[in-house]
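[1] Build me a structure from this.
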Amino acid sequence: MQGLGAFDNDFVQGVDENCQMFHNIVQLKIKTNKHITIQQLLAEKGDFSLRKYYQSYIQIEEKFNCSEQGVKLDGRIDESLFIIYTNAEVRQKLKSNKVLEVGEIRIPNDRRFCAAV
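    Numbers count the residues shown, from 1 in each chain. You can find the predicted model right below:
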């Protein structure tokens, strides 16, 4: 599906057992001999830039709230699952449970935005 920004790999839309619309929006990053660093996660651009994916998330959220035919996504954003998946190695420092400060970007607790690395 076009218009999903950085999430351009896989889009699955369906109806669950309670007849609620759901969306799985997936970005796959296949890399060989690559390690993910905190600098890559916090960068403005790049394959692992969480800022880039968050901006795409905001654009997709607007599609749920839009009333324009052909642009609006059915269902609700909170019924959607966003996944970033990679085979790249995660640096040991990133595997800890320590909280890292991201800077000026604040991600509200009620948003479902996850990075699976």
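
[2] Let's verify the residue nearest to residue 9 when sequence neighbours are not counted: helix, strand, or coil?
    Nearest residue to residue 9, sequence neighbours excluded (C-beta to C-beta, 6 or more residues apart in numbering): residue 28, at 4.8 Å. From N, CA and C alone the C-beta is placed, and that goes for glycine too. Of the three states, residue 28 takes strand according to DSSP: H, G, I helix; E, B strand; the rest coil.

[3] Then residue 60?
    Per three-state DSSP, residue 60 ends up helix.

[4] Tell me who's in contact with the nearest residue to it once chain neighbours are set aside.
    Spatial nearest neighbour of residue 60, excluding adjacent residues (C-beta to C-beta, 6+ apart): residue 4 at 5.8 Å. Counting by C-beta atoms under 8 Å, 6 or more residues apart in numbering, residue 4 makes contact with 11, 25, 56, 59, 60.

[5] among those, which two are most distant?
    Greatest spatial distance in the contacts of residue 4: 11 and 59, 13.6 Å, computed using C-beta to C-beta.

[6] So which residue is dead centre in this protein?
    residue 82 (4.4 Å; C-alpha atoms, centre = their mean).

[7] Tell me which stretches of this protein form strands.
    10-15, 21-29, 35-36, 80-86, 89-90, 114-116 (DSSP state E).

[8] Buried subset of the contacts of residue 4, written for PyMOL?
    Entered in PyMOL, the line below selects the buried ones among the contacts of residue 4, by 16 or more other C-beta atoms under 10 Å:
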select buried, resi 11+25+56+60
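
[9] Quick check, the residue nearest to the centre of the chain in contact with residue 54.
    No. Counting by C-beta atoms under 8 Å, residue 82 does not reach residue 54; the two are 9.6 Å apart.

[10] sorry, back to before: most tightly packed of the strands of the chain?
    strand 80-86 (a mean of 18; mean count of other C-beta atoms under 10 Å).
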